[in-house]
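In: This is the structure alone, sequence omitted:
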């Protein structure tokens, strides 16, 4: 779903987003994956990892270096015979889900996976509310 920048601070794209990306060293604040690289996500043993094209593996939970191996060692957990490459595009997350709270302590550069993870309960609550409203409208007709 595209971002509606009308709901954000007027300086979101020109000042705030660049400041947060620079502060977080152009890496996901949670798992440490760098911006604009291709990675393979999966598991190595029981550890969820991401691996760059140099074969370096990092823990997908805390970003710690796990080791080196060739890219073929990381397999997608849903399909062990398939590797999936993903281009990382860092986004800036409002950790409290309030788009008006632009305090830098409330903002973090996150990869797609970590951003979706932190927003999961929020998205589920919004979806539940939307379904409830839809049912109430259907009762009227």
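Out: Thanks, I have the structure now. Here the structure is a predicted model, which means the values were calculated and not measured. Numbering: from 1, shown residues only.

In: so where's this structure shaky on pLDDT?
Out: Per-residue confidence of the chain (counting by pLDDT under 70) places the weak regions at 1-2, 69-84, 141.

In: and if we set it to 50?
Out: Judged by pLDDT under 50, the chain has its weakly predicted residues at 71.

In: in the lengthiest helix in the chain, what counts as buried?
Out: When the chain is scanned for its longest helix (criterion: DSSP state H), the result is helix 112-140. The neighbour-count check on helix 112-140 (16 or more other Cβ atoms under 10 Å) flags 112, 113, 114, 115, 118, 119 as buried. The C-beta positions use only the backbone N, C-alpha and C, and glycine is treated the same way.

In: what's the spacing between the closest residue to residue 5 other than its chain neighbours and residue 91?
Out: In this structure, residue 5 finds its nearest non-sequential neighbour in residue 12, 6.3 Å apart by Cβ to Cβ, 6 or more residues apart in numbering. Remark: distance between residue 12 and residue 91 (Cβ to Cβ, to the nearest Å) = 11 Å.

In: for the longest helix of the chain, packing partners?
Out: Using 3 or more Cβ pairs under 8 Å, 6 or more residues apart in numbering; DSSP states H and E as the contact criterion, the secondary-structure elements in contact with helix 112-140 are strand 91-94.
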